[in-house]
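Peer 1: A structural model of the following input is requested.
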Amino acid sequence: MKKTINILLSAGLAASVLTGCGNGGNTKTATSADSTKTAQTEAPKPQGVILDTDLGSSTDDVVLLTCLYHLMDQNVVDLKAIMVNREGAVNARFADMMNTYYKHTEVPVAMVQHGKKDPRVFIDYWKVSDPKTYTDEPTLATTMTDEQIAQLPDGYKLYRKILASADDNSMIIFSIGFASNLAHLLESQADEYSQLSGVDLVKQKVKAIYLQAGHFGKGMEPDYNFSQDAEHAKVFMKLCPAPMYFSPQEAGDMFDYKIPDMLSDLEQAGDTLSPLYHCYKHHNCDTGQRMWDVITMIQWLHPDLFDLNGPTELTMDDEMYFHEGEKTATSNRYWMFPKEGANDKIMELIRRYASN
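Peer 2: Prediction:
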């Protein structure tokens, strides 16, 4: 299987570097001569990425963040920030622990203020960041003190700071949780970082937003990410001017990274001290957990494995069901679903990115 994965990974990353990655990239075709000249003159510039995540419940958030660190080390991604959209210092501390373990403490962390109160927790893996949780395992290090965690910036403020200094049409956002940070950003006005409103800042700086949200009513369970914080989700859907690529609930339902496979993959990679390994070793992850969030990254890196629908006037009702309207001149919403026969390749890629 590793040979197959390596071939897929090499082909996908090569295509991503040349085209800007996925649907949010530059669609200009690169000739062989252009590619050779580029390779001789400069290394590919990693894609600037912001992760907006509800760390502290489902483990697919941890899997995606782990993948992004690996892509950073391969110079594919430049992770600009981790925006924690689940309230609570323990969740921000988990992000700090991840940064510390993967030696990327330069990645700033923000913590939502005035977000969703007491959302449901499926897996209490946030306890991995508590040194008193386990007596038979080494303590996982963190970098920030309790005081520093308490003083972390609000998510929308860090968004404004990062976007203000970014090149136009340059940033990719993975939204794999509640829409609170993004809604607050879109409602924001001029500040010390930019004279632009939040809507104009996103319109000018963001290339694309990949979201795990919404459903068509045929999933294993209703949408979670948007339905848990419907108020902010509605604000986001109303105001967002950037291209949005939705991965509906049904798209991720098909990808079950089974616990024995996860532990075996990490053991083979020599990564048994990682937070991800601790999550699966010490916590009950047999809760119907699927790789919903990770599909957003695969859609960006390997769009050839998915059917792209849109642009369309994609709306959501109060239960976060998708409804498609007629395309207009301003339509900027898409939804992506795995192509027939692509599931095995997608699962192989998820396993590869998570462990290497």
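Peer 1: strands of the stretch 51-200 of the chain, residue ranges please.
Peer 2: If DSSP state E, counting those that start in this stretch is used as the criterion, the strands of the stretch 51-200 of the chain fall at 77-84, 109-111, 171-176.
Peer 1: G288 is nearest to which of those?
Peer 2: strand 171-176 (17.0 Å; C-beta to C-beta). Bear in mind the C-beta positions are built from the backbone N, C-alpha and C, glycine included.
Peer 1: okay, now the sheet partners of the closest one, with direction.
Peer 2: strand 47-53 (parallel), strand 206-212 (parallel) (DSSP bridges).
Peer 1: got the CA positions of the last one in PDB?
Peer 2: In this case it means strand 206-212. Output in PDB follows, covering the C-alpha atoms of strand 206-212 (Å, rounded to 0.1, in the frame of the first residue of the first chain):
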ATOM      1  CA  VAL A 206      -8.800  35.300   0.800                       C
ATOM      2  CA  LYS A 207      -8.400  32.900  -2.200                       C
ATOM      3  CA  ALA A 208     -10.800  30.300  -0.900                       C
ATOM      4  CA  ILE A 209     -12.500  28.900   2.200                       C
ATOM      5  CA  TYR A 210     -12.900  25.100   2.500                       C
ATOM      6  CA  LEU A 211     -15.600  24.100   5.000                       C
ATOM      7  CA  GLN A 212     -16.800  21.000   6.600                       C
END
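Peer 1: for the next helix or strand after it, packing partners?
Peer 2: Toward the C-terminal end, the helix or strand that comes next after strand 206-212 (DSSP states H and E) is helix 230-239. Taking 3 or more C-beta pairs under 8 Å, 6 or more residues apart in numbering; DSSP states H and E as contact, the helices and strands that helix 230-239 lies on are helix 180-187, strand 306-316.
Peer 1: quick one: buried residues of the shortest one?
Peer 2: By that I understand helix 180-187. When neighbours are counted by 16 or more other C-beta atoms under 10 Å, the buried residues of helix 180-187 are found to be S180, N181, L182, A183, H184, L185, L186.
Peer 1: give me the angle between that helix and strand 171-176.
Peer 2: 140 degrees (axes from the mean of the first three to the mean of the last three C-alpha atoms, to 10 degrees).
Peer 1: I'd like the average pLDDT over helix 180-187.
Peer 2: Here the mean pLDDT over helix 180-187 is 97, rounded to a whole number.
Peer 1: elements contacting it?
Peer 2: Counting contacts by 3+ C-beta pairs under 8 Å, 6+ apart, helix 180-187 packs against helix 155-165, helix 198-205, helix 230-239.
Peer 1: and the contacts of it?
Peer 2: Taking C-beta atoms under 8 Å, 6 or more residues apart in numbering as the criterion, the residues outside helix 180-187 that touch it are 52, 83, 85, 110, 112, 114-116, 154-156, 159-160, 173, 175, 198-199, 201-202, 209, 229, 232-233, 235-236, 239-240.
Peer 1: got the helices and strands packed on helix 230-239 as JSON lines, with distance to Q299 columns?
Peer 2: Putting the helices and strands packed on helix 230-239 into JSON lines (distance: least, C-beta to C-beta, whole Å) gives the following:
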{"stretch": "helix 180-187", "distance to Q299": "18"}
{"stretch": "strand 306-316", "distance to Q299": "5"}
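Peer 1: can I get the strands paired with strand 171-176 in TSV including distance to L349, mean neighbour count and mean pLDDT?
Peer 2: Output for these, formatted as TSV (distance: least, C-beta to C-beta, whole Å; neighbours: other C-beta atoms under 10 Å; pLDDT from 0 to 100):
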stretch	distance to L349	mean neighbour count	mean pLDDT
strand 47-53	17	25	97
strand 206-212	15	26	97
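Peer 1: make a markdown table out of the strands of the stretch 51-200 of the chain and add distance to D96, mean pLDDT and mean neighbour count.
Peer 2: As requested, the strands of the stretch 51-200 of the chain are exported to a markdown table (distance: least, C-beta to C-beta, whole Å; pLDDT from 0 to 100; neighbours: other C-beta atoms under 10 Å):
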| stretch | distance to D96 | mean pLDDT | mean neighbour count |
| --- | --- | --- | --- |
| strand 77-84 | 9 | 98 | 24 |
| strand 109-111 | 6 | 96 | 26 |
| strand 171-176 | 18 | 97 | 27 |
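Peer 1: L263: which of these is closest?
Peer 2: Distance to L263, taken as C-beta to C-beta, is lowest for strand 171-176 among the strands of the stretch 51-200 of the chain, at 22.7 Å.
Peer 1: CA atoms of that closest one as CSV?
Peer 2: Once side chains and other backbone atoms are set aside, the C-alpha atoms of strand 171-176 remain, and they are given as CSV (Å, rounded to 0.1, in the frame of the first residue of the first chain):
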residue,chain,number,x,y,z
MET,A,171,-4.9,33.0,1.7
ILE,A,172,-6.6,29.6,2.1
ILE,A,173,-8.9,29.0,5.2
PHE,A,174,-9.9,25.6,6.4
SER,A,175,-13.1,26.0,8.5
ILE,A,176,-13.7,22.8,10.4
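Peer 1: for I172, which non-adjacent residue is closest in space?
Peer 2: V49 (5.0 Å; C-beta to C-beta, 6 or more residues apart in numbering).
Peer 1: so how far is L65 from the one you found?
Peer 2: Per C-beta to C-beta, to the nearest Å, V49 is found 11 Å from L65.
Peer 1: would you reformat the helices and strands packed on helix 180-187 as a markdown table and include distance to I259, mean neighbour count and mean pLDDT?
Peer 2: Compiled in a markdown table, those are given as follows (distance: least, C-beta to C-beta, whole Å; neighbours: other C-beta under 10 Å; pLDDT from 0 to 100):
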| stretch | distance to I259 | mean neighbour count | mean pLDDT |
| --- | --- | --- | --- |
| helix 155-165 | 31 | 22 | 98 |
| helix 198-205 | 38 | 20 | 98 |
| helix 230-239 | 31 | 18 | 93 |
